[in-house]
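J.: What shape does this take:
(one chain, ligands or ions: 1)
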Amino acid sequence: MTLKNQFLPRTIAVHEGDEPDPNTGEAGPSIGMSSTFMVREKAGFSAHDLGADTPFVYGRWGNPTVDGLQRKLAALEGTEAALCFASGMAAMSAIFFSLLSAGDHLIISDVSYAGVAELARDTLPRFGIEVTAVDMTDLDALEKAIRKNTRLVHVETPVNPLLRLTDLEAVCRIARVAGALVSCDSTFATPIATRPAQFGVDLVMHSLTKYICGHGDAIGGAVCASAELISRINVESVIHHGGVLSPFNAWLIARGAGTLPVRMRAHEENALAVASWLEDHPKVTKVLYPGLESHPQHDLATRQMDNFSGMIAFQVGGVAQGEAVAERMMTGFEVIHYAVSLGHHRSLCFWMETAGLMQTSFRLEGKQLESYRAFAGDGIFRLSIGLEDPADLIRDLDGVLG
Ligand SMILES: *Cc1c(COP(=O)(O)O)cnc(C)c1O
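T.: As a prediction, this is how the structure comes out:
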């Protein structure tokens, strides 16, 4: 069903886009796996013939299960429309490649998801797109980076892996004056914590693989935006580049999204308990969690986030100490998995050494490197707090911290 606007997020998460089957009465949606659809009225053979009300024709052009998830995501983000992709990276590529052309300029947060940072730095310039990386907490630097041909400003908040925040309202104000669009990777926040469109962001991007799916069993991505921007991205990036979300994954992700609001409450509660415990641990030299008063941007977090999410970063001293603890985690954890990814019901932890990330993903220097190191030092553990009992997570961490 398509719910009307007055419903609240927990209700929207459960019901929006989940139609009972009118033929069988099945209360929950089935998975529509068919790749083609019976055409019952005149239809063209090009994706350009598709209108908003065109019935389903072919699975790469549209699918009822994916469509249901898109309506749920748009309703949760408070945007007119949403579009799903095979992965978060496919969603990000769609924004870059459908909105930027040769001769355009992109400003991107100097720290962003590693794959996004590498795509912007290594691939976009090959297509004639100019790219400038800016520390988005330095608004003067952002203003100075703006050029006549700046078309897009891309931010991520809280940023992976630093948990540094970006003031969305301030960035949008600067970008609007320059006539540039703003996109925001909101994967760490989820629509339960932050709805970037409320602050003026034009395109909200998610890796659905993380909190929105929530169970670590499906990869997917999404862009939430105005109907006009979504229809531009749809023909070029979904239909022609072809990175569609499979209906099976859409079904798993929609099932996960139904419990997103209650899971985010539990992630936050657990993360606050673990982060507070880590702060008092003698071997832990720094803890970064937006919900702690010690977070350098706690005020901004309180203004911009309705939920502090479940991601923690912490340090245990230098590289040698970090590597030793990482090694103990690989064999010593009983509950937490030493693994990449995040936002699952299972807790996940991974060591991220600063020097290594500078060589591969970020390549920061000078002030930007200093700003990175102010958060991460020589390296951080990225800890994605799951839904286990926090007492068991604390015991697990205590066992490996030594
Ligand atoms: C995982 C992640 C991505 C990439 O998403 P995939 O689904 O793995 O392609 C992008 N941004 C952030 C913040 C992420 O955590």
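
J.: Residue 267: neighbouring residues, count only.
T.: Per other C-beta atoms under 10 Å, the neighbour tally for residue 267 reads 29. In this view, the C-beta of every residue, glycine as well, is placed from N, C-alpha and C.

J.: is it fair to say it lies in a strand?
T.: No. Residue 267: not assigned to a strand; according to DSSP: H, G, I helix; E, B strand; the rest coil it is helix.

J.: Kindly confirm whether my reading is correct that it touches residue 386.
T.: Yes. With contact defined as C-beta atoms under 8 Å, residue 267 reaches residue 386; the gap is 7.5 Å.

J.: can you tell me which residues contact residue 306?
T.: Contacts for residue 306 (C-beta atoms under 8 Å, 6 or more residues apart in numbering) come out as 192-194.

J.: Which residue ranges of the stretch 251-400 of the chain form strands?
T.: Assigned by DSSP state E, counting those that start in this stretch, the stretch 251-400 of the chain shows strands spanning 286-288, 311-315, 337-338, 348-353, 379-384.

J.: could those strands be laid out in CSV, adding mean neighbour count?
T.: CSV is the format used below for these (neighbours: other C-beta atoms under 10 Å):
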stretch, mean neighbour count
strand 286-288, 22
strand 311-315, 24
strand 337-338, 18
strand 348-353, 20
strand 379-384, 24
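
J.: now, which of the contacts of residue 306 lie close to the ligand?
T.: Among the contacts of residue 306, no residue is within reach of the ligand (C-beta under 6 Å from any ligand atom).

J.: Distance check, residue 221 against the ligand.
T.: 5 Å (C-beta to the nearest ligand atom, to the nearest Å).

J.: Tell me how many other residues surround that residue.
T.: Neighbours around residue 221, by other C-beta under 10 Å: 27.

J.: same check, this time on the one 5 residues further on
T.: Residue 226 has 14 neighbours, counted by other C-beta under 10 Å.

J.: And the pLDDT at residue 46?
T.: You'll see residue 46 listed with a pLDDT of 77.

J.: er, residue 221 I mean
T.: The model's pLDDT for residue 221 equals 98.

J.: OK, contacts around it?
T.: 84-92, 205-209, 245.

J.: now do 6 Å
T.: 85, 87-88, 90-91, 207-208 (C-beta atoms under 6 Å, 6 or more residues apart in numbering).

J.: How about residue 361?
T.: Counted by C-beta under 6 Å, 6+ apart, residue 361 has contacts 114, 117-118.

J.: how near is it to residue 120?
T.: To residue 120, residue 361 is 11 Å away according to C-beta to C-beta, to the nearest Å.

J.: And residue 217, by the same measure?
T.: 29 Å.

J.: Tell me where the stretch 101-250 of the chain has strands.
T.: 105-109, 130-134, 150-156, 181-185, 203-207, 221-225.

J.: could those strands go into a markdown table alongside distance to residue 252?
T.: Listed next are the strands of the stretch 101-250 of the chain as a markdown table, based on distance: least, C-beta to C-beta, whole Å:
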| stretch | distance to residue 252 |
| --- | --- |
| strand 105-109 | 30 |
| strand 130-134 | 34 |
| strand 150-156 | 25 |
| strand 181-185 | 22 |
| strand 203-207 | 14 |
| strand 221-225 | 14 |
